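J.: Coordinates for the following, if possible.
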Amino acid sequence: MSLAEFTDQWLSAIAPQISEGSGWLTDLRQGAVEQFATLGLPHARLENWKYTDVKALAKRQFSLPNGQADAVTLIKESSLGLDGIRLVFVDGIFSEQASTLNSLPQGVQVLPLAKNANAAKPLLGQVAAANFSGFTALNLAGWQDGVLIDLAANARLEQPVYLQFVATEQENPVLVQPRILIKAGTYAEATVVEHYAGADDAASLTNAVTEVELADGANITHYKLQQESSKQYHIASMHVQQQRDSRFTSHNVCLGGKLARQDIQVELNGEGAEVNLNGLYLGNARQHLDNHTLVNHNAPHTNSHEDYKGILNDRSRGVFNGRAVVHKNAQKIEAHQSNANLLLSDKAEIDTKPELEIYADDVKCSHGSTTGQLDENALFALRSRGLGEEMARGLLTLAFANEVIDRIEIPAVHDRIEDAVAGRLPEKFNLKGLV
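T.: The predicted structure follows:
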């Protein structure tokens, strides 16, 4: 059976969701259904999906979550422990009991989406085009819940908005489709943390879409930590529109999932707009981790900086495609990107493709990719100081990852990622035990 022939099966799974909502929302969902029916699921003949085969995923039967499972322990154990605004979603459904939504400053709205869809009408589907991929269309057709973060002009959040998504073990695999909408008014500032975790035997599919709109001078910092189980699938896309002098910073860390893919597309539409994309992916066993980024320089005097690092062990496979496009008349821009990969096994694999596409002549652009193993000279230097080989290898690998991790400014997020990376290395060690 071809991927296109699975379309009806997937639409059947989300049928109860398609009819939910008011007239405008039903129309929006129905339009996305038609888009999905046209696109189908991505296949290897598409350039952007040539290294990520979703046939095995397409053949699986998913259903919608059947109510909130008991996840008290999972929520507690996976929590980053951040103070302030916190929204918890269990199998994609908002849990009011586990969430904290008080003490919002004036000019800030943070709303669970299912109960506040009308408030999201001006933004929903406006940044992320339904035809971006079949998965994006599927999300618009059948999203179950999510969050709207709306910042008025000059509004500022001192503490991060923490979005915690947990997946429980279900009798049958479930399809979880969160929608996250972030709208920042002129000179507004906020930090958002997206965190995904799953029970050891959770086998769901997370299909997430995040839309971000930044007005003039707005500043948004976004963290995404994906720690789902080794049996889960994770497909996500983030779509960002930036206006004059706005700044968007993304820290994207992918540690979990059987197959995980993250797409990030940024449109720099106003002079002075800047985007910084930092990423880290760590694969073990037979994990498949795919990261695609696209930055469109649509205006002059815009800047983009990208640094992604991958660590791959066993038979894991990584994919990185970073693309920056400098459009006509987008003069005096800077676009820099780098992808470095560390292979810890001779059976691990990386497909990397940094790209620059330039249609202007007064620009500063660079891109590069490196793939290799641990430096033997550095390894010898550590061993000559009394460290065992396993510990030396572990510390060098962690140092490689820390070039990205150390840019993370929230201590709880930084420490969780550093500890998780250390614990997933072949030479597993407890950082606290070294102090």
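J.: residue ranges of the strands in the stretch 1-150 of the chain, please?
T.: Using DSSP state E, counting those that start in this stretch, the strands of the stretch 1-150 of the chain run over 85-90, 93-100, 108-112, 145-151.
J.: I misspoke; the intended subject was the stretch 301-435 of the chain.
T.: In the stretch 301-435 of the chain, the strands defined using DSSP E, counting those that start in this stretch lie at 303-312, 317-326, 333-343, 349-358, 363-372.
J.: Any chance of JSON lines for these, columns mean pLDDT?
T.: Below are the strands of the stretch 301-435 of the chain laid out as JSON lines (pLDDT from 0 to 100):
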{"stretch": "strand 303-312", "mean pLDDT": "97"}
{"stretch": "strand 317-326", "mean pLDDT": "96"}
{"stretch": "strand 333-343", "mean pLDDT": "95"}
{"stretch": "strand 349-358", "mean pLDDT": "94"}
{"stretch": "strand 363-372", "mean pLDDT": "91"}
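J.: now the ones you listed in CSV, with mean neighbour count and distance to Val33?
T.: The way it works is simple: take the backbone N, C-alpha and C, and place the C-beta from them, glycine included. Formatted as CSV, the strands of the stretch 301-435 of the chain follow (neighbours: other Cβ atoms under 10 Å; distance: least, Cβ to Cβ, whole Å):
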stretch, mean neighbour count, distance to Val33
strand 303-312, 22, 34
strand 317-326, 23, 29
strand 333-343, 21, 36
strand 349-358, 17, 33
strand 363-372, 14, 38
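J.: CA atoms only: put stretch 374-393 into CSV for me.
T.: Extracted as CSV, the C-alpha positions of stretch 374-393 are listed here (Å, rounded to 0.1, in the frame of the first residue of the first chain):
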residue,chain,number,x,y,z
LEU,A,374,36.9,12.1,19.2
ASP,A,375,40.3,13.8,19.0
GLU,A,376,42.9,11.2,19.9
ASN,A,377,45.4,13.9,21.1
ALA,A,378,42.8,15.3,23.5
LEU,A,379,42.0,11.8,24.7
PHE,A,380,45.6,11.1,25.3
ALA,A,381,46.0,14.4,27.2
LEU,A,382,43.2,13.5,29.6
ARG,A,383,44.4,10.0,30.1
SER,A,384,47.9,11.2,30.9
ARG,A,385,46.4,13.1,33.8
GLY,A,386,45.0,10.0,35.4
LEU,A,387,41.5,9.7,33.9
GLY,A,388,40.4,6.3,32.6
GLU,A,389,39.6,5.9,29.0
GLU,A,390,35.8,5.7,29.4
MET,A,391,35.7,8.8,31.6
ALA,A,392,38.0,10.7,29.2
ARG,A,393,35.8,9.8,26.3
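J.: got the domain boundaries for the protein?
T.: What the record gives for the chain is the domain set 3-269, 375-435, from automatic domain parsing.
J.: tell me the contacts of Gly310?
T.: By Cβ atoms under 8 Å, 6 or more residues apart in numbering, the contact list for Gly310 reads Leu280, Tyr281, Leu282, Gly283, Leu289, Gly318, Phe320, Asn339, Ala340, Asn341, Leu342, Ile350.
J.: And for Ser78?
T.: Counted by Cβ under 8 Å, 6+ apart, Ser78 has contacts Gln164, Val166, His195, Ala197, Gln227.
J.: Okay, strands next: where are they in the stretch 151-300 of the chain?
T.: 161-167, 175-176, 178-184, 189-198, 205-214, 219-227, 233-242, 247-254, 259-268, 274-283, 288-297.
J.: Can you tell me the strand partners of the last one and which way each runs?
T.: Strand 288-297 pairs in its sheet with strand 259-268 (parallel), strand 317-326 (parallel), by DSSP bridges.
J.: Looking at the first one now, give me its mean pLDDT.
T.: Taken as a whole, strand 259-268 has an average pLDDT of 98.
J.: mind exporting that strand as PDB, just the C-alpha atoms?
T.: Taking C-alpha atoms only, strand 259-268 is exported to PDB below (Å, rounded to 0.1, in the frame of the first residue of the first chain):
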ATOM      1  CA  LEU A 259      11.900   8.700  14.800                       C
ATOM      2  CA  ALA A 260      12.000  12.500  15.400                       C
ATOM      3  CA  ARG A 261      11.900  15.300  13.000                       C
ATOM      4  CA  GLN A 262      11.900  19.100  13.600                       C
ATOM      5  CA  ASP A 263      11.400  21.700  10.900                       C
ATOM      6  CA  ILE A 264      12.000  25.400  11.600                       C
ATOM      7  CA  GLN A 265      11.200  28.100   9.100                       C
ATOM      8  CA  VAL A 266      11.900  31.700   9.800                       C
ATOM      9  CA  GLU A 267      10.900  34.700   7.700                       C
ATOM     10  CA  LEU A 268      13.000  37.900   8.300                       C
END
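J.: No further queries at this time; thank you.
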